[in-house]
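> Okay, predicted coordinates and the sequence, questions at the end:
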Amino acid sequence: MQKCYWIPVLHSHLPFVKHPEYEYFLEEQWFFEAIDECYIPLLKNLKKLVDEGVDFRLTTSVTPPLAEMFKDTLLMQKYRRHLDKMIKLGEKEIKRTSQTSEDEHKLAHFYKDRYLWIKDFFDGFLGGCLISGYKYFASLGKLEIITCGATHGFLPILSLNEKAVDAQISIAVKSHKENFGVYPEGIWLPECAYFDGLDKILAKYGIKFFFADSHALTCANPAAVNGVYAPIYTPQNVAVFARDPQSSKKVWSSIEGYPGDFNYRDFYRDIGYDLEFDYIKDFISPDGNRVFTGFKYRKITSNSDDKEFYNPLNAYNITSSHAKDFVDDRVEQFEKLSKQMDKTPMLVSPYDAELFGHWWFEGPDFLYHLFKEIGKQDNFKAATPLEYLKQEPTNQVTIPTPSSWGDEGYYDVWLNKENDWIYRHLHFMADKMQDLANCYIDEKDVIKVRVLNQLLRELLLAQSSDFAFLITTETAIEYSVRRTKEHIYNFMRLVDMIDEVDLTFLEWLEQKNSIFQNIDYKVFSG
């Protein structure tokens, strides 16, 4: 059997959240939890693989909003305070659990030690900057970092104004160059959402490949002859890699996949909800609302509410067996594909990065063992999309079907009766931004230029697909509606003050909604 290629892809994204007006803000805590549970454990395990001489290849997006938060001074100061607070909670828990049970006491030590090494890794290897970690592995040729839309805007719906899509891509490409030192060659389309003609804009900015869900190729015009097991080229010569359902489901499904193993940590049982209020109040929301602390002492155990104590070492060992099972399945899958195809088969397994560590606590350890297992066999190897294209440069040219990786595979999640009110504002704002960019194309007044740049920031932040998604899924509805309306309001107020600027308001927005410091409103001109 010829050597085949497995292309693992992580999509690392959170919407831009920054609230300097509060010391504690719940949505900022979600960002800090993602660093604790996903991004740092992932980078630490990649470092462990390098130190052990294990070769690996991984493709990951680091979306522009996430990168902007990684390098934001205020947010990183808050993150350090968050770590200190978690270490303090660990110390408090060690004292409490010394009077309860040995299992619980061991877990208290486990979490305190965990936060200590997270802090040490953050300040030591990363130098307080997560971006430096990604750049390190990219410099070794082991990590392919790709971009996304500037603020994860849902491009098919924004496409009523082509400049809105163009700006999402051009600003993302520029931001990637500023943050990682190179222009991106690949992109994770926000929500994997494709529309006919998008490839022209991608090609304009040097994007060589993107990812899509399976039906983008199986329902292409004409259909992809190799299904999802080889990429295709669009008419603009941009490669499309589509998701392999079989390998993807094995990992992301909590019902049919590995994360549902009864020995893994239960996500929902957290001392923020389990312990007495007076004891835990200093470690939950200051308004008294109970939230996750990250200290979770129970394993999944069963489908009942009766949960046994979590055993980290046992769970770690099970990730090794699951990694071996995944590799065995891929070997079998590749053997079948090799007999059916006249070119080298490849499989694309894309996941939300936050699955690994946040939803599936043991996920980063699974990936560590997975890359070690891959190195033990000769049937396939992990690769990046560009490595595959170098090996197989000739591929079918066809037109992908409009699609997304949302429920039902198209656009319904982001455009329905619950969130459709958003788009009349986004379309109006995009048209207005284009008019203003053309009108003030030669503007020299520094204050007016600042207003115009902040207008663009507010538009971009309003375009984030996350808010429409959260409204549909009925998760953080109030916050998502408020954030959307806030950016619409900010935009309209800035429009009204171009000739008579409220400098206090402008400076506040520049501090709070500070994404893309080097933004230039002229990207909307033309």
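Great, that's in hand.
> got the CA positions of the lengthiest strand in the chain in CSV?
For the chain, the longest strand by residue count, based on DSSP state E, is strand 4-12. Presented in CSV, the C-alpha positions along strand 4-12 are these (Å, rounded to 0.1, in the frame of the first residue of the first chain):
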residue,chain,number,x,y,z
CYS,A,4,-1.3,7.8,2.6
TYR,A,5,-1.9,11.2,4.2
TRP,A,6,-3.9,12.1,7.3
ILE,A,7,-4.6,15.9,7.6
PRO,A,8,-5.6,16.9,11.2
VAL,A,9,-7.0,20.4,11.4
LEU,A,10,-8.0,22.5,14.5
HIS,A,11,-10.1,25.6,14.3
SER,A,12,-9.0,27.9,17.2
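> In terms of secondary structure, what does it contact?
strand 58-62, helix 312-340, strand 346-352, strand 380-382, helix 385-391 (3 or more Cβ pairs under 8 Å, 6 or more residues apart in numbering; DSSP states H and E). (C-beta placed from N, C-alpha, C; glycine too.)
> what pairs with that strand, and is each one parallel or antiparallel?
Note on strand 4-12: by DSSP bridges, its sheet partners are strand 58-62 (parallel), strand 346-352 (parallel), strand 380-382 (parallel).
> now these in TSV, with mean pLDDT and mean neighbour count?
TSV is the format used below for the strands paired with strand 4-12 (pLDDT from 0 to 100; neighbours: other Cβ atoms under 10 Å):
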stretch	mean pLDDT	mean neighbour count
strand 58-62	98	25
strand 346-352	97	22
strand 380-382	96	20
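> Show me what residue 209 bridges to in the sheet.
For residue 209, the beta-bridge partners are residue 186, residue 239 (DSSP bridges).
> how far away is it from residue 486?
Residue 209 sits 35 Å away from residue 486, going by Cβ to Cβ, to the nearest Å.
> who's more crowded, these two?
residue 209 (22 against 15; other Cβ atoms under 10 Å).
> residues in contact with the more buried one?
Taking Cβ atoms under 8 Å, 6 or more residues apart in numbering as the criterion, residue 209 is in contact with 185-187, 231, 238-241, 385-386, 389.
> Just the buried ones among these, please.
Buried members of the contacts of residue 209, counted by 16 or more other Cβ atoms under 10 Å: 185-187, 231, 238-241, 385, 389.
> out of the residues you listed, who's nearest residue 415?
Closest approach to residue 415 among the buried ones among the contacts of residue 209 (Cβ to Cβ): residue 187, at 21.7 Å.
> Wait, the closest one touches residue 145, no?
No - between residue 187 and residue 145 there is no contact under Cβ atoms under 8 Å: 11.0 Å.
> shared neighbours, those two?
With Cβ under 8 Å, 6+ apart, residue 187 and residue 145 have common neighbours residue 61.
> Next, the contact list for residue 346, please.
By Cβ under 8 Å, 6+ apart, the neighbours of residue 346 are 4-7, 229-231, 241, 383, 388, 392.
> What residues sit buried inside stretch 407-423?
So, applying 16+ other Cβ under 10 Å, buried residues of stretch 407-423: 409-411, 413-415, 419, 422-423.
> As a markdown table, those with distance to residue 140 would be great.
Shown next, in a markdown table, are these (distance: Cβ to Cβ, whole Å):
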| residue | distance to residue 140 |
| --- | --- |
| 409 | 36 |
| 410 | 39 |
| 411 | 39 |
| 413 | 37 |
| 414 | 37 |
| 415 | 42 |
| 419 | 42 |
| 422 | 42 |
| 423 | 43 |
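> Widest-spaced pair of the residues you listed?
Greatest spatial distance among the buried residues of stretch 407-423 (Cβ to Cβ): 409 and 422, at 21.3 Å.
> which other helices and strands contact the least confident helix or strand in the chain by mean pLDDT?
The least trusted helix or strand in the chain, going by mean pLDDT, DSSP states H and E, turns out to be helix 245-252, with a mean of 87. When contacts are defined as 3+ Cβ pairs under 8 Å, 6+ apart, helix 245-252 packs onto helix 312-340, strand 346-352.
> now the helices for the stretch 101-250 of the chain?
102-123, 130-139, 155-158, 162-180, 198-204, 215-218, 245-252 (DSSP state H, counting those that start in this stretch).
> Between those helices, which one is closest to residue 71.
Here helix 130-139 is closest among the helices of the stretch 101-250 of the chain (Cβ to Cβ), at 6.0 Å.
> Show the low-confidence segments of this structure, by residue range.
1-2 (pLDDT under 70).
> Let me see the domain layout of it.
With domains defined by automatic domain parsing, the chain comprises 4-65+129-265+310-408, 415-524.
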